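**Student:** everything below, folded, please.
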Amino acid sequence: MIKKLTQVLIAILLISFSFYYTNKTIELIRKTDPIMKEIKESEEKFSITPENALIEENKIIPGKNGKVIDYDKSYQKMKQYGTYNESLTVLKEVSPTVSLDDTYDKFVISGNNDKKEVALVFPTYQDTSPKLILQILNQNIVPGTFFLDGKWLENDLQLIKSMTNHELEILNYNNRYEEIYFRSSIEYLQNIVEEKPKYCYADYDNKEVITLCSKIKLHTITPTIKITASPYQEVEEKIQNGAIISLPITNTTEQELDLIIKYIKAKGYEIVTLDKLLSESYEK
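**Tutor:** Have a look, this model is predicted:
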């Protein structure tokens with residue numbers, strides 16, 4: 001029995017060494033292959049340095065991923081082609097050292113200002129209905145991001161299901177931030193939209209909000225432009241790249257939203273979801 005086990009172990013060791021040396025041989029061949037050498041020599045031409053997220057005190061603005069050559073995929077494609085061809089170079093994204101993805105204890109105040117994009121955000125409290133807002137957004141084929149009161153969420157399931165082509169997040173629960181109810185609301189919404197919420201909302205630097213939200217790994221946003229009384233005028237005066245525009249659900253917003261959307265588009269901005277606006281992906 002011991003003899004057989006010894007033979008099996010020897011066989012396993014031989015196979016392991018065989019794989020090890022085979023892999024080392026392949027790796028050596030690749031390194032000395034003229035194709036791989038040319039790929040590596042082109043690194044500087046294709047590399048794009050990532051941009052760190054910008055942090056000032058308790059606020060943060062997303063950075064941007066960079067790009068580097070994916071040596072293995074580039075080599076495989078060019079080897080099949082038979083020679084070096086820079087058009088077959090495959091790139092992969094690399095994250096910045098300081099990334100929004102890893103930072104939850106700062107207020108997110110806008111998207112990266114390199115992007116000519118804005119997001120429309122609608123805090124939705126118990127005594128408000130987003131039905132007309134939804135209709136206007138849908139008619140203009142633009143997305144909105146709705147922060148929903150958890151208690152309101154429980155009472156209007158059919159309307160929520162009609163909103164799933166927009167981005168849905170949790171605002172609070174009955175105007176409060178009690179963890180047990182907040183988590184319950186997140187789970188309830190996640191079951192409807194089949195995606196975990198990512199963001200919290202605060203009109204200002206609210207310590208209660210960011211303490212809870214950072215604990216449960218949600219980013220807390222505060223609007224770049226918080227509309228108060230005159231939606232169209234305020235957007236016209238303050239719009240900028242990467243702006244998070246918070247609009248109250250009021251009669252005035254309902255009356256002016258169509259004009260606001262048309263103005264934003266006429267100025268060359270794209271209206272996107274909050275998730276897309278805050279993405280650090282190079283491609284987005």
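
**Student:** can you give me the pLDDT of residue 66?
**Tutor:** On pLDDT, residue 66 comes in at 91.

**Student:** would you mind confirming that it is in contact with residue 97?
**Tutor:** No. Using C-beta atoms under 8 Å, residue 66 is not in contact with residue 97, being 10.5 Å away. Just so you know, the C-beta spots here come from the backbone N, C-alpha and C atoms, and that holds for glycine as well.

**Student:** now the common contact residues for the two.
**Tutor:** Here residue 66 and residue 97 have residue 50 as joint contacts, going by C-beta atoms under 8 Å, 6 or more residues apart in numbering.

**Student:** these two: who's more crowded?
**Tutor:** Shown here are residue 66 and residue 97; by other C-beta atoms under 10 Å, residue 66 has more neighbours (18 against 10).

**Student:** look up the closest residue to that one, ignoring the ones flanking it.
**Tutor:** Excluding its sequence neighbours, the residue lying closest to residue 66 (C-beta to C-beta, 6 or more residues apart in numbering) is residue 50, at 3.4 Å.

**Student:** quick check: the one you found touching residue 63?
**Tutor:** Yes. With contacts counted by C-beta under 8 Å, residue 50 reaches residue 63, the gap being 6.6 Å.

**Student:** show me whatever sits in contact with both of those two.
**Tutor:** In contact with both residue 50 and residue 63: residue 96, using C-beta under 8 Å, 6+ apart.

**Student:** follow-up on the earlier one: mind listing what the residue nearest to residue 66 touches?
**Tutor:** Residue 50 neighbours (C-beta under 8 Å, 6+ apart): 63, 64, 65, 66, 94, 95, 96, 97.

**Student:** list the contacts of the nearest residue to residue 107 once chain neighbours are set aside.
**Tutor:** Counting by C-beta to C-beta, 6+ apart, the nearest residue to residue 107 once its immediate chain neighbours are dropped is residue 222, at 4.7 Å. For residue 222, the contact set (C-beta under 8 Å, 6+ apart) comprises 59, 107, 108, 109, 201, 202, 203, 204, 205, 244.

**Student:** quickly list what the fifth one is bridged to.
**Tutor:** Okay, so that is residue 201. residue 221 (DSSP bridges).

**Student:** can you check residue 124 too?
**Tutor:** Beta-bridge partners of residue 124, as defined by DSSP bridges: residue 148.

**Student:** just the buried ones from the contacts of residue 50?
**Tutor:** 63, 64, 65, 66, 95, 96 (16 or more other C-beta atoms under 10 Å).
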